[in-house]
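Colleague: this is a predicted model, with the sequence first.
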Amino acid sequence: MDSRFIQFIKEHEASLKKQTAVFNFVGYVKLVLFLILIVSGYSTLTKGFPPVLIGTSLGIFIVFLGFWMYQDRLHEKIDYLSGVIAINNRHLDRISGKWDGFSDIGEEFIDPEHPYGCDLDIVGKKSLFQFLNRTHTWYGRHAFAKDLLHPSNTKEEIQKRQETILELSKDIEFTNQMEYYFSKIGLDNTSTPDLVNNLKDSKPFIPNNLLKFALIYAPVMTVLLIAFMLIFKAKNLYLTGATLAFLQALLWALGFPKTQMYLGTISNTSYKLAPYGTVIETLKDKKFHSEKLIEIQTQLSTSEYSAAQAIKDLDRILSKLSVRNNLIIYFILNVFLLWDYQCAFMLEAWKAKYAHLSEKWFLALGEFESLMSFSTLESVCNNFCMPAITDKNKTIEARDLGHPLLPNETRVNNDFSLHNNIFIISGSNMSGKTTFLRTVGINLVLAQAGSFVCAKEMTFSPLTIMTSMRIVDDLNEGISTFYAELKRIKTIIETAKNNSNMIFLIDEIFRGTNSVDRLIGAKTVVSKLNELNVAGLITTHDLELCNLANIYPRIDNYNFSEYYRDNTIYFDYKIKPGKSNTTNAKYLMKMIGII
């Protein structure tokens, strides 16, 4: 599986080596040309500017500029090759299990109150987000998090997403290229939404057309007057020119707060928008087959306006605003041209043309990044399929279902079939009960996002997922672990009352209280959930809870067990029908020296 990425890396490293050698050679040529240009310029200056030397110097300068531009293009190629090599190495890290060192864990999306996000390791350290995430923009990251944590896809939408993710997975070189281009945009968690909100606001900068006309054309008259005055040495106009310049400086100063407020986030944008143009142009020129990718293309290039052209126009405005970095030039331009006003009027014109479409473009690009991230599982997991959707209620059927975050070489897969059942899973410590619950849950999250899953085959019906697994106390609110779990279980029951199309995953129910109360509480909860006609899985050490299978037809018992060989404990992590008949607590206590 990793041979494809290794081959990509070898090919790009070979190309990088060649391009770097050419880059270095061009650098030496530039240095030689620069030295020759200095000598030629000096000779031209000292010999009275003879035409031959002027022509020679000019020719050398043109050649120097040509090599300069060529080296810039080489630098872009080198940067691209280095970036794509790094992306392929990240794929290898996903395969080898080193992905837990990736810096982006989706920390801001962690919510302990989420129905399943923390319990199933969807976001946070060692999470599905950290494993699959290939987004590099604010909208991309939020789209990916939304698809994982708040899916609201219909059956038809899931199927469209599956078609898209399948298409993207077949063209890893293209997705690598796109990831590189998105990475050049840069990630700024605060400025991007503010930027889009600014762009959406199409209110005019100055509603008064007469004042607007004056601010646009007054600098033209001032510059023409000063040019006339200097060319014809009209000393009688010096005072008039100085007065006009002073008045314009005053206008700039008085309008400074208004222009700053209007230009706002645009002027403070920490990156240029040109990389967005590259992304859009690349997407626009790509031949897609899936309906959703064609929809994204259409959103970026409507019959009305092109997103690529809009980004280019906006980037030109940003380029003009960048003169603020040179205070002297910035001051001169504002005194003579009312530069801030001109930039504000250009932005006003841009908004009048594109404001109603701008957010759609950013959302479309974010959606593409999210879909691209999901397409990665096919390349880094050796046990995958695109699941089928069934109209049967509360159904999950899978062959060789495994946990996608576990290493390929050590993952143990299980067959699984749930048809509006409740499974009580018993078993000894460390036997795999909790991991199995997470395996079912995380694959269902992937399936409902339209993604590949970690299984040879899988059929599912969309379900609301509710979990109770990682329950901790809250010292700030004075809440014990048991009470925190009660609150969580109550939420699951209340959700089930309003939505029976639900699956619950409850791990070691009521572990925070004594065995008598735990058993009574567990029986009450399971009976209630059975009455509400929801499906789910619950793990327990209380084997008496398994007796509910003798009372309710919808409840079945399953177990995980261990075996011993040469006085050593082993786990096969395979789910089996029936309740557990083994224990290992005494052995484990002996193993670590307690007894």
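Modeller: Yep, it's here.

Colleague: which stretches of the stretch 151-300 of the chain have low pLDDT?
Modeller: 187-191, 268-272 (pLDDT under 70).

Colleague: the strands in the stretch 301-450 of the chain, which residues?
Modeller: When secondary structure is read from DSSP state E, counting those that start in this stretch, the stretch 301-450 of the chain shows strands at 388-389, 395-401, 414-419, 422-427.

Colleague: contact partners of the shortest one?
Modeller: The list of residues contacting strand 388-389 from outside it, by CB atoms under 8 Å, 6 or more residues apart in numbering, reads Lys155, Ile158, Gln159, Met458, Thr459, Phe460, Ser461, Pro462. Quick note: C-beta positions are derived from backbone N, CA and C, even for glycine.

Colleague: after the longest helix anywhere in the chain, next one along is what?
Modeller: The longest helix of the chain (DSSP state H) is helix 51-96. Later in the chain than helix 51-96, the nearest helix or strand by DSSP states H and E is helix 128-132.

Colleague: and the helices in the stretch 101-250 of the chain?
Modeller: Listed in chain order, the helices of the stretch 101-250 of the chain (DSSP state H, counting those that start in this stretch) span 128-132, 138-149, 155-169, 172-185, 191-200, 209-231, 238-268.

Colleague: dump those helices to TSV, plus distance to His541.
Modeller: As requested, these are arranged in TSV below (distance: least, CB to CB, whole Å):
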stretch	distance to His541
helix 128-132	28
helix 138-149	31
helix 155-169	37
helix 172-185	45
helix 191-200	47
helix 209-231	76
helix 238-268	56
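
Colleague: Throw those helices into a markdown table and include distance to Gln71 and mean neighbour count, thanks.
Modeller: A markdown table is the format used below for those (distance: least, CB to CB, whole Å; neighbours: other CB atoms under 10 Å):
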| stretch | distance to Gln71 | mean neighbour count |
| --- | --- | --- |
| helix 128-132 | 37 | 24 |
| helix 138-149 | 32 | 23 |
| helix 155-169 | 34 | 19 |
| helix 172-185 | 19 | 20 |
| helix 191-200 | 32 | 18 |
| helix 209-231 | 37 | 14 |
| helix 238-268 | 31 | 15 |
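
Colleague: what's the closest of those helices to Thr410?
Modeller: Closest to Thr410 of the helices of the stretch 101-250 of the chain is helix 128-132 (CB to CB; 15.5 Å).

Colleague: does anything pack onto that closest one? Which helices or strands?
Modeller: With contacts taken as 3 or more CB pairs under 8 Å, 6 or more residues apart in numbering; DSSP states H and E, helix 128-132 sits against helix 138-149, helix 433-448.

Colleague: what's the longest one packed up against?
Modeller: It stands for helix 433-448. Of the remaining helices and strands, those touching helix 433-448 by 3+ CB pairs under 8 Å, 6+ apart are helix 128-132, strand 395-401, strand 414-419, strand 422-427, strand 457-460, strand 464-468, strand 502-506, strand 535-540.

Colleague: that one vs strand 464-468, what angle?
Modeller: Here the directions of helix 433-448 and strand 464-468 differ by 160 degrees (axes from the mean of the first three to the mean of the last three CA atoms, to 10 degrees).

Colleague: can you give me how far helix 433-448 is from the chain middle?
Modeller: The chain centre lies 22 Å from the centre of helix 433-448; the measure is CA atoms, centre = their mean, to the nearest Å.

Colleague: can you start the count at 709 instead of 1 from here on
Modeller: Happy to do that; since the first residue is 709 now, the last one works out to helix 1141-1156.

Colleague: got the buried residues for it?
Modeller: 1141-1156 (16 or more other CB atoms under 10 Å).

Colleague: surely Asn1238 is within a helix?
Modeller: Yes: under DSSP: H, G, I helix; E, B strand; the rest coil, Asn1238 sits within a helix.

Colleague: am I right that it is in contact with Ile1263?
Modeller: Yes: with contact defined as CB atoms under 8 Å, Asn1238 counts as touching Ile1263 (6.3 Å).

Colleague: find residues that contact each of the two.
Modeller: Among the neighbours of Asn1238, those also in contact with Ile1263 (CB under 8 Å, 6+ apart) are Ile1130, Leu1256.

Colleague: now His997, what's its secondary structure?
Modeller: Counting by three-state DSSP, the backbone at His997 sits in coil.

Colleague: which of the helices of the stretch 809-958 of the chain sits closest to Phe1268?
Modeller: Comparison of these against Phe1268 by CB to CB identifies helix 836-840 as nearest, at 23.0 Å.

Colleague: now that closest one: mean pLDDT?
Modeller: Mean per-residue pLDDT for helix 836-840: 97.
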